[in-house]
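Asker: can't give you the sequence, but here's the structure:
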Ligand code: RP5
């Protein structure tokens, strides 16, 4: 059963989000991936948000470029933690997406990571930290990764 849902706003986001999937896989975290545009398919975004918890999802990672309303829209339909990844897919190179995702009005949080590959990876690591509160196997895998970092510098 998937613990993490990785939702992207467009097929064109797939390559930018591969690092998220690689990190989740490396840590042994089960995930699902879907394309759900908040503006082209708002009903699908709503259904996903309403059903995610009952399907066993515990963390949502939502990636989008441009106006990047997807993470906020999903957060409006679920009380699961939502991590937003701003993607550099527009002429503004992701600054638009960053501002859009990070500037959620008070009350409906979206945890926002960096633009690009660093953010895509950190979204997965942050999901691992959240899941580590409950799952010992994920905590052990994540702590192993962290301890290996110490040897690298
Ligand atoms: C956003 O707009 C997507 O997340 C994507 O990053 C960007 C462009 O999408 P497409 O027009 O290529 O589908 O919705």
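Answerer: Nice, I can see it. Bear in mind that the values here come from a model prediction, so they are computed numbers and not experimental data.

Asker: For the protein, what lies in contact range of the ligand?
Answerer: 9, 10, 12, 13, 37, 64, 65, 66, 87, 89 (CB under 6 Å from any ligand atom). C-beta coordinates here come from the backbone N, C-alpha and C atoms, glycine included.

Asker: now the fourth one, what's its secondary structure?
Answerer: So that's residue 13. The assignment at residue 13 comes out as helix when based on DSSP: H, G, I helix; E, B strand; the rest coil.

Asker: residues near it, how many?
Answerer: 21 (other CB atoms under 10 Å).

Asker: so what's it up against?
Answerer: Residue 13 is in contact with 35, 63, 64, 65, 87, 89, counting by CB atoms under 8 Å, 6 or more residues apart in numbering.

Asker: Could you list every helix and strand that the one helix or strand in the chain whose mean pLDDT sits lowest packs against?
Answerer: Ranked by mean pLDDT, DSSP states H and E, the helix or strand of the chain with the weakest confidence is helix 136-151, at a mean of 95. Helices and strands touching helix 136-151, as assessed by 3 or more CB pairs under 8 Å, 6 or more residues apart in numbering; DSSP states H and E, comprise helix 117-132.
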